[in-house]
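Undergrad: Take this sequence and fold it.
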Amino acid sequence: MSAPGTLVKPVVAAVPALPPKPAVHPLLAAYLLRLATRPLLTKCITSGTLGFFQEILAVNLANARPSPQGKSELGRVLAKAGIDSRALKLAAYGFFISAPMGHTLVGLLQKTFQGRTSTGAKVAQIVASNALVAPIQTVVYLSATAIINGAKTVQDVIKTVKLGFFPMIRITWITSPLALIVAQNYLSPELWVPYFNLISFILGTYFNMRAKKQKALLDAKKREGKDL
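TA: Below is the predicted model of the structure:
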C-alpha cells in the first residue's frame, strides 16, 4: 500500500507489436495483376509454360531423353536437355485445352460456393471438386498425353485412359482435399491459381514420369519377346 500523497503510476500492460504484413514479391504482384485483368490469357500462358517444363523434367527424371542420333548440332543439344516435339505439344495442350478447361470448371466451382464459409460448404466444395472436376480433368489429360505419346487410334486412347484413370484419380483424391483445405484456410482467393498451378505441376510431372517409365518397361519386354 502506498503512503498518503504518493503518486501511484498506473501499470500499463505491454501490448505486443503486430508483425508487419509480409510484402508481396514484385513478380508475384505483377502476375496477380495480370491474373486479375486478363485471367484466361494469363492462365493459358502459365499452363503452357508449365506443361513445357513438366515434360522436360519428367523426361530427365525418367531417364527417357530422346536419342540424339541423326540430328543436327542443335537437335543433339536439345535432345541432351530432354527437349523434343512432345514438350511443345504438351505446352500447346496446356495453353489451348488445360487452362481454358480449368478456368471454366474451377470458376464455376468458386462461383457456386462464393461467400459460403461454413464447414458444410467447405466439405461440399471438396466433394464437388473430387466428384466432378477431377474426373473430367483426368480423362482429358490422359487422352491428350496418349495422343502426344503416339496413340494413333481411338482404341489406343481409350486403353491409355482405362489403364491410367484409377491410379491417377486415387492420388488426386488424396492430394486434392488436402490442397483445397490449405487454400480454404490459409490463402486469399487471388493466390489460389498460382497455388494450384504448383500442385498441378508437381502431380503432372510425377504422372508423366511414371508413364514414361512404364512405357520403357513395356518396350523392353517387347524387345525381349522379339529376341526369343
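
Undergrad: what's the next secondary structure element after the helix or strand of the chain with the lowest mean pLDDT?
TA: Of all regular secondary-structure elements in the chain, judged by mean pLDDT, DSSP states H and E, the least confident is helix 73-81 with a mean of 81. Scanning forward in sequence from helix 73-81, with DSSP states H and E defining helices and strands, the next element found is helix 85-93.

Undergrad: what does the average pLDDT come to for that next one?
TA: Across helix 85-93, the average pLDDT comes to 93.

Undergrad: Ser129 - how many residues pack around it?
TA: In terms of burial, Ser129 registers 21 neighbours under the definition other CB atoms under 10 Å. (Each C-beta comes from the backbone N, C-alpha and C, glycine too.)

Undergrad: tell me the contacts of it?
TA: Residues near Ser129 by CB atoms under 8 Å, 6 or more residues apart in numbering: 109, 176, 180.

Undergrad: Any figure for the gap between the second one and Ala124?
TA: In other words, Ser176. To Ala124, Ser176 is 14 Å away according to CB to CB, to the nearest Å.

Undergrad: Show me which of these two is the more surrounded one.
TA: Set side by side, Ser176 and Ala124 show unequal neighbour counts under other CB under 10 Å, the larger going to Ser176 at 19 against 14.

Undergrad: show me the residues around the more buried one that make contact.
TA: Applying CB under 8 Å, 6+ apart, the residues contacting Ser176 are 126, 129-130, 134.

Undergrad: after the host helix or strand of it comes which helix or strand?
TA: Secondary structure assignment for Ser176, by DSSP H and E: helix 154-186. Elements were assigned by DSSP H and E; along the chain past helix 154-186, the next helix or strand is helix 192-227.

Undergrad: That next one: which residues count as buried?
TA: Neighbour counts using 16 or more other CB atoms under 10 Å place 192-193, 196-197, 199-201, 203-212 of helix 192-227 among the buried residues.
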